[in-house]
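Novice: Just the structure for this:
(one chain, ligands or ions: 1)
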Amino acid sequence: MTSSRGAGDPAAIRVEGLTKRYGRATAVDDLSFTVGTGRVTGFFGPNGAGKTTALKAVVGLARPTAGRAFVRGTPVAALKPDARLLGVHIEPCGAHPGRTGRAHLRSLAALAGLPRRRVGEVLELVGLEEAARGRVGKYSMGMRQRLGLAAALLGDPEILVLDEPVNGLDPQGIRWLRTLLRERAAKGGTVLLSSHMLGEAAQTVDDVVVINRGRLVHEGAIRDLERSGERVVAVRTAEAERLSELVTAAGGRTKTDDGGRLLVEGLDVTEVARLAHRDGVLVEEITERTASLEDAFFGLTGGADR
Ligand SMILES: Nc1ncnc2c1ncn2[C@@H]1O[C@H](COP(=O)(O)OP(=O)(O)OP(=O)(O)O)[C@@H](O)[C@H]1O
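Specialist: Numbers count the residues shown, from 1 in each chain. Now for the predicted structure:
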């Protein structure tokens, strides 16, 4: 990985007014954001938000309906294939199920004009040396992720674009991936990765881009999102629906957590207690806490998915 290229251009990737329509459906809607050099940027959004579609357009795998993406200042449409500049993993990885992982990587390396020894190196890097002798069709999802990552790493690229790389990895695999990506960023490399779970990727990323229904809803440093966490009031009551109506009428927002408690944003604990008391809603338990990153994500995306 060399970081000489594009010196002076602070953005590794710049996306401007990107729109992608499929027939009448708009998957990505006038999306603009930048990915800073030497940083890990998380591209977040609920299922179906348009992340994969946007990433495909960003790397030139899909033609945008409108707008453009730039890699190191060059429009993607004009970019020459260069495995040393850009490494991409977006499922499906294109490996034939009957081929071995190693054979798949060897042909990719040959196509990209990379030395054959890189195959052994990346297999070691992703921990697939043993499995590389087996057929891809027999791989688990986690192994396919590692193979896709190995393919993206073949050219030791300055910029890595990974679609949901955490999917299918066990907790140990997630930790391993985090270390690998952080190490690349520490050496000046750039990573753009998508995920539908903000909380899980929080320790890996420096910056976040959050989209919902194809549109940008937040862009900034993850620290700012952590700090912006407002208060959440958690209420246990048998009359959650009734209380939810009262809270909404008073300008608050509600959702239900895994434990069946009503979570209220936008009102403080006294206001919620007062509303419940006023309308005779019996409250079994009421507590207030700082919103977690997942709560912030919920607030940004309207809780379409958690
Ligand atoms: N080839 C296609 N033809 C028609 N519609 C499509 C196509 N690809 C994606 N879409 C639609 O575009 C929208 C965004 O899909 P996309 O896969 O980009 O979202 P995502 O955020 O990556 O979701 P997930 O987290 O579930 O993978 C969805 O409504 C999807 O059905």
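
Novice: Quick one: low-confidence residue ranges for the stretch 1-150 of the chain.
Specialist: With pLDDT under 70 as the threshold, the stretch 1-150 of the chain has low-confidence stretches at 1-10.

Novice: Residue numbers of it in contact with the ligand?
Specialist: By CB under 6 Å from any ligand atom, the residues of the stretch 1-150 of the chain that approach the ligand are 22, 25, 27, 45, 47-53. (Glycine included, C-beta is placed from N, CA and C.)

Novice: now, which of those sits nearest residue 133?
Specialist: Using CB to CB, residue 52 is the member of those that lies nearest residue 133, at 30.4 Å.

Novice: Could you check how far the nearest residue to that closest one once chain neighbours are set aside is from the ligand?
Specialist: Computed as CB to CB, 6 or more residues apart in numbering, the closest residue to residue 52 that is not its neighbour in sequence is residue 163, at 5.5 Å. Taking CB to the nearest ligand atom, to the nearest Å as the measure, residue 163 falls 7 Å from the ligand.

Novice: Thought residue 54 was touching residue 163, still the case?
Specialist: No - between residue 163 and residue 54 there is no contact under CB atoms under 8 Å: 9.8 Å.

Novice: Who has more neighbours out of these two?
Specialist: Taking other CB atoms under 10 Å, residue 163 and residue 54 do not tie; residue 54 has more neighbours (30 against 21).

Novice: list the contacts for the residue nearest to the more buried one when sequence neighbours are not counted?
Specialist: When the adjacent residues along the chain are set aside, residue 54 lies closest to residue 28, with 4.7 Å between them (CB to CB, 6+ apart). Shown in contact with residue 28 (CB atoms under 8 Å, 6 or more residues apart in numbering): 18-20, 50, 53-54, 57, 64, 211, 214.

Novice: repeat that with 6 Å
Specialist: By CB atoms under 6 Å, 6 or more residues apart in numbering, residue 28 lies in contact with 18-20, 50, 53-54, 214.
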